[in-house]
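J.: Any chance you could fold what I've pasted below:
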Amino acid sequence: MSDWDARQYLQFEAERTRPAADLLAQVGGTARRVVDLGCGPGNSTEILVARFPEADAIAIDNSDDMLAKARKRLAKVRFEKADLAMWRPEAPPDVIFANAVMQWTPRHIDLMARFIESLAPGGRLAVQMPDNLDEPTHRLMRETASLEPFAAKLAEAAAAREPLGSFEEYYAALAPRAARLNLWRTTYAHILAGPDAIVEWVKGTGLRPFLDPLNPAEKAAFLERYRAAIAEAYPPLPDGRALLRFPRLFIVAEKGA
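T.: Reported below is the predicted structural model:
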């Protein structure tokens with residue numbers, strides 16, 4: 001895929017940061033070393049550093065644009081470009097924080113198990129992932145991609161993101177490595193300006209694998225069809241705005257001391 005667009009992502013910064021804050025609220029204890037995996041433009045790193053102000057902080061992302069924005073935002077944090085699947089900590093962290101990134105990584109459950117093993121004694125792995133592949137936003141991406149003239153170019157677009165597992169699957173993989181394990185799902189109700197705002201939201205994330213393979217004319221045609229489908233799936237509220245339901249999965253695993 002092409003590089004992430006930090007400007008597009010940050011159009012909904014407050015809404016995107018809220019799940020990160022909710023996740024961080026469940027991470028107790030102190031920390032000397034913290035890592036933010038998939039730090040994006042630094043909005044999640046900012047709250048992580050505020051929660052553990054005395055800790056050495058490292059933030060990892062694979063996007064040059066995201067890292068550039070993050071460095072401007074937090075000059076004292078060490079930012080590094082790396083592939084999440086290949087990353088290894090230099091020293092055992094006390095907290096590994098991964099907000100809305102693991103779902104993009106193949107075999108993410110196995111990767112999470114490895115991250116727990118890399119923690120310092122008593123360390124915490126905190127993960128939040130969108131659980132919205134069955135929501136209209138993402139179902140309609142796949143349906144639009146199956147239409148002509150897009151089908152040939154977008155045959156593999158849906159596979160860019162790994163489906164999430166069940167609570168039981170995460171428990172089976174992570175509980176043997178954790179002294180404590182906390183699993184929960186939350187559905188956020190984001191009140192947006194209308195269907196165009198919903199399209200702008202997903203253009204920064206889930207739509208990227210569907211738009212990247214298309215030329216400009218195809219991209220415009222795809223967005224026109226997708227926008228019409230979104231307008232039908234998300235009827236206006238009495239004041240003309242739209243309600244975007246957004247389920248998310250949360251996991252906090254604490255390694256034994």
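J.: Distance check, the residue nearest in space to the middle of the chain against Ala175.
T.: Among the residues of the chain, Ala100 comes closest to the average C-alpha position under C-alpha atoms, centre = their mean, at 1.7 Å. Distance, Ala100 to Ala175, using C-beta to C-beta, to the nearest Å: 23 Å. All C-beta spots, glycine's among them, are computed from the backbone N, C-alpha and C.
J.: can you give me the strands in the protein?
T.: 33-37, 56-61, 78-81, 95-99, 124-130, 180-192, 242-254 (DSSP state E).
J.: Please verify my assumption that the residue nearest to the centre of the chain contacts Asn132.
T.: No - look at Ala100 against Asn132 with C-beta atoms under 8 Å: they stay out of range, at 10.8 Å.
J.: any residues in contact with both of those two?
T.: Arg248 (C-beta atoms under 8 Å, 6 or more residues apart in numbering).
J.: hang on, the earlier thing: contacts only, for the residue nearest to the centre of the chain.
T.: Arg16, Pro19, Ala20, Gly38, Gly40, Gln128, Met129, Pro130, Thr205, Arg248.
J.: I'd like to know how many residues surround Gly206.
T.: Residue neighbour count, defined by other C-beta atoms under 10 Å, stands at 19 for Gly206.
J.: quick one: it from Pro19, how far?
T.: Gly206 is 15 Å from Pro19, by C-beta to C-beta.
J.: okay, and for the chain, where does confidence drop off?
T.: Along the chain, segments meeting pLDDT under 70 span 1-11.
J.: Grab the longest helix from it for me.
T.: Across the chain, the longest stretch assigned as helix under DSSP state H is helix 216-233.
J.: and for that one, what are the contacting residues?
T.: With C-beta under 8 Å, 6+ apart as the criterion, helix 216-233 contacts 136-137, 140-141, 143-145, 147, 149-150, 153, 195-196, 198-199, 207, 210-211, 214.
J.: Please find the angle between the direction vectors of it and strand 242-254.
T.: 100 degrees (axes from the mean of the first three to the mean of the last three C-alpha atoms, to 10 degrees).
J.: how far is helix 216-233 from where the chain is centred?
T.: 23 Å (C-alpha atoms, centre = their mean, to the nearest Å).
J.: same check, this time on stretch 154-172
T.: Remark: stretch 154-172 is offset 13 Å from the chain centroid, using C-alpha atoms, centre = their mean.
J.: can you tell me the distance between the two ends of it?
T.: End-to-end distance of stretch 154-172 (C-alpha to C-alpha, to the nearest Å): 34 Å.
J.: Pull out the buried residues from that stretch.
T.: Leu154, Ala157, Ala158, Arg161, Glu162, Leu164, Tyr170 (16 or more other C-beta atoms under 10 Å).
J.: Same check on stretch 114-124?
T.: Using 16+ other C-beta under 10 Å as the test for burial, stretch 114-124 gives Phe115, Ile116, Ser118, Leu119, Ala120, Gly123, Arg124.
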